[in-house]
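Peer 1: Whatever this is, show me its structure:
(one chain, ligands or ions: 1)
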Amino acid sequence: MHKKLFLLLILFVLPAAAQTIAIRAGNLLDPAKGAVSKDQIILVENGKITAVGASLAIPKDAQVVDLSKEWVMPGLIDAHTHITFQEIPGKAPFEAMYLKESTAFRALRGLHNGQILLNAGFTTMREVGNEADYACNDLKKAAQNGWIEMPTLQCAGKIIGPFGGQSKGVPEEVGSFWLHEYIDADTPDEIRKAIHQNIYYGADVIKLATDNSDYFYTEEEIRAAADEAHNAGRALAVHVYGGRAADNVIRGGADSVEHGFTLTEAQLKLMKEKGTFLVGTDFPAAHLAGLNPSNETLADANKLGNQIIQRLSNANKIGVKMAFGSDTVTEMAGHNRADMVWDYLAVWRAAGVSPADTLKAMTTNGAELLRIGKERGAIAPGLFADIIAMPADPLQDIESLRKVNFVMKNGKIVRAGK
Ligand SMILES: [Zn+2]
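Peer 2: Residues are numbered from 1 along each chain as shown. Reported below is the predicted structural model:
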């Protein structure tokens, strides 16, 4: 064969060598240990971390990213989001949104909010329902196709609940109007069927809502949901505030209690014993006051806000496993979704949770709950390169997270500005 032709063939046949990215991390933070290692090098290739260490040789053709003056850590995980959902201002009922907004519009809102949160440092999020007709799954597919830049999404699909879901007072003549967002399931068999439906349409996690009415799921019903979810390799997340409904959720084997605002010490101790996660969605009082604060709503908000701080403090002291979850569905004037999420940090501080434990809840604990601990939530060889950095130490001041100025998602730099 002609020599030149042979060379040409080789050039076409061999795949182009993947570009290695070498990150110089001045301060590499390990949330699992709450410790910082100085002057580390992280090598990234094909979206994944290939090596981490102090004396690694940087390949000659590598793209070097200089974060030598920064604090570098794994991307953040929000275990309770509704990026496609936004409360309609002006005291409109919650259900009004189903009439006013299409699934396509909801997906576009999800894209908007998802990108804001990705740029703020959230590289993974768990969308726990209220996403119209499976809008989250469409966002996930679009991101997997490479059409859009998004955090890794876990989607719940429609929220499964006893009759009526989380709707209130919808007149009978307009029928099961709430089925746009919820699946009615009132027996173990109906729950199993609803789970099959959600998984068929792309659900990665199963979400139940149990205490919206005077009726709620029994322990047996929760257990049926947990079995069905676990058989399919999914976690079971359950919206519940407290009371007997929460007893059933914990005893029935849910992986996480979502909200749990009125959990007692005995219930928190049972969660610790059973390894149930608390995703506390620890709202600041100002957010609870909502879009139309009056003196009355403000007083109620302060009361619930204090209750949330106390519950978070108790859970922390008892040693319940906690994953960070925001549940933000509003925007206050001049605050986007990321600004709103950062406001939760003050609640965690007020509850006496250390920055190290807060960071753990936002990374390794979240990854464990989402069953992706072998893929994300840490900076280690073999894991996806979801990496963020900021110019101040979040172990000293957790508010440093507001200053994130570098975000890498699956090995791609999506934010490199100062
Ligand atoms: Zn929620």
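Peer 1: Three-state assignment for Phe283, please.
Peer 2: coil (DSSP: H, G, I helix; E, B strand; the rest coil).
Peer 1: Quick check: the closest residue to it other than its chain neighbours vs Leu298, distance?
Peer 2: Spatial nearest neighbour of Phe283, chain neighbours left out: Ile308 (6.2 Å); criterion: Cβ to Cβ, 6 or more residues apart in numbering. Every C-beta, even on glycine, is put in place using the N, C-alpha and C of the backbone. From Ile308 across to Leu298, the span is 15 Å (Cβ to Cβ, to the nearest Å).
Peer 1: next one: Gly252
Peer 2: Using Cβ to Cβ, we find Gly252 at a distance of 37 Å from Leu298.
Peer 1: Tell me which of the two has more neighbours.
Peer 2: For Gly252 versus Leu298, the count of surrounding residues by other Cβ atoms under 10 Å is larger for Gly252: 22 against 16.
Peer 1: Skipping adjacent residues, who's closest to the more buried one in space?
Peer 2: For Gly252, ignoring the flanking residues on the chain, the nearest one in space by Cβ to Cβ, 6+ apart is Ile222 at 2.6 Å.
Peer 1: Quick one: residues contacting Phe277.
Peer 2: By Cβ atoms under 8 Å, 6 or more residues apart in numbering, the contact list for Phe277 reads 79, 255-257, 271, 320-323, 365, 369.
Peer 1: so where do the strands sit in the stretch 1-150 of the chain?
Peer 2: Taking DSSP state E, counting those that start in this stretch to define them, one finds strands in the stretch 1-150 of the chain at 21-30, 35-45, 48-53, 63-74, 76-81, 122-127.
Peer 1: so Trp342 makes contact with Ser400?
Peer 2: No: the pair Trp342 / Ser400 is not scored as a contact, 10.5 Å apart, by Cβ atoms under 8 Å.
Peer 1: re the thing from before, got phi/psi on the residue nearest to Phe283?
Peer 2: Torsion angles at Ile308 (phi, psi; degrees, to the nearest 10) stand at phi -60, psi -40.
Peer 1: got it, and Asn46?
Peer 2: Main-chain torsions, Asn46, degrees, to the nearest 10: phi 50, psi 40.
Peer 1: Now do the residue nearest to it when sequence neighbours are not counted: how many residues are near it, please.
Peer 2: The shortest distance from Asn46 to any residue other than its chain neighbours is 4.9 Å, reached at Ala18 (Cβ to Cβ, 6+ apart). Neighbour count of Ala18, defined by other Cβ under 10 Å: 12.
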